Structure formats: structure tokens, C-alpha cells
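> Need a 3D model of the sequence below.
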Amino acid sequence: MKKGKIYSDGGARGNPGPAAIGALVCDEQDNTLTDHGETIGDATNNVAEYTAVVRGLTLAAELGITEADYFLDSELVARQLSGIYRLKAEHLKPFFIRVKELEKKFKRVTYFHLPREHPKIKHVDRLVNLALDRAAF
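I've put the predicted structure just below:
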């Protein structure tokens, strides 16, 4: 059993507008295993947040993580994935379903909301902005 921590962020400039994601996978002691940033075309902030969760879970599974604490700065997405809030937005349902499918690769995934000021959230936010800055939109 390999435990880990995942951090992710997604953002759009314009909402909707040019969007990107950032994901960071750490071991149980919070040491970085990998990080990733990429643009995803035009999207809303919430689509970017969900896309980032998909990427974070995919990276963690590829690294052999079987139990994960997942941290996001989107309280809405964290609570929707935890089952505290119901997902109402139809356009987000395919992303939600994809996340739930990816969760099956893990023994456990627990979602937590963290403030934007947290150092690891700042790191994934920086990955989002670097990807957007590099892109030629």
C-alpha cells in the first residue's frame, strides 16, 4: 500500500477563456514525486478544476499510489467530490463521472479544501499560470 498526497488547481482567464491545469503528486511525507502543468483550451474555471483532478488522479495511479489525500483550493469541487454537495451543472457531469471511475484505481481517495495561500496550492497555481503564459492563445 502506497500512500500519497495530490494537489491540483485549474483556472481560466476570462471564465470561460484560455484555461490550464496544474497537478502535484507527493509521497506521504509531502516530498514531490512529480508535477505537471498544461493548457486545456478554452474552458470555465470549474471545468479546469475537474480536469486538474482527472490529471492528478491519473498521475498518482501511474506512480503506484493506492491511498490518497487530495487537496484543492476549490471548495465547491472538493465538496462535490466528497458527496457533501450535489453536482447540478450538467456540463460538469462527464468530468465528475471520469473522476469517480479513476477513484476505482485506489483503495481510498479523500478530498480536502485548502486555502489558496497554502504553499502546495501556490505551487500548482503557479503551474497553471506558467502554462497559460507559455501558450499562444
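> Which residues outside the strand or helix carrying residue 35 are in contact with it?
Taking DSSP states H and E as the criterion, the element that holds residue 35 is strand 32-43. Contact with strand 32-43 is made by 4, 10, 12, 16-27, 47-48, 51, 55, 59, 63, 123-124, 127-128, 130-132, 134-135, 137, as judged by C-beta atoms under 8 Å, 6 or more residues apart in numbering. (C-beta placed from N, C-alpha, C; glycine too.)
> hmm, 6 Å instead?
Defining contact as C-beta atoms under 6 Å, 6 or more residues apart in numbering, one finds that strand 32-43 is touched by 12, 16, 19-27, 51, 59, 63, 127, 130-131, 135.
> Please apply the same query to stretch 62-74.
1-7, 25, 33, 49, 60, 78, 106-112, 114, 116, 121.
> what comes up buried for it?
Under the neighbour-count criterion of 16 or more other C-beta atoms under 10 Å, stretch 62-74 has 65, 68-74 buried.
> What of stretch 24-38?
In stretch 24-38, counting by 16+ other C-beta under 10 Å, buried: 24-26, 33, 35-38.
> mind checking the end-to-end distance for that stretch?
The distance separating the two terminal residues of stretch 24-38, taken as C-alpha to C-alpha, to the nearest Å, comes to 12 Å.
> I'd like the average pLDDT over that stretch.
Averaged across stretch 24-38, pLDDT comes to 98.
> what's the next secondary structure element after the helix or strand hosting residue 78?
Residue 78 is part of helix 75-82, with elements assigned from DSSP H and E. Using DSSP H and E, the helix or strand that follows helix 75-82 in sequence is helix 93-103.
> just checking, what packs against that next one?
Applying 3 or more C-beta pairs under 6 Å, 6 or more residues apart in numbering; DSSP states H and E, we find helix 93-103 packed against helix 45-62.
> partners of residue 32 in the sheet?
Using DSSP bridges, the bridge partners assigned to residue 32 are residue 26.
> Out of the buried residues of stretch 24-38, which two sit at the greatest distance?
Greatest spacing in the buried residues of stretch 24-38, by C-beta to C-beta: 26 and 38 (18.9 Å).
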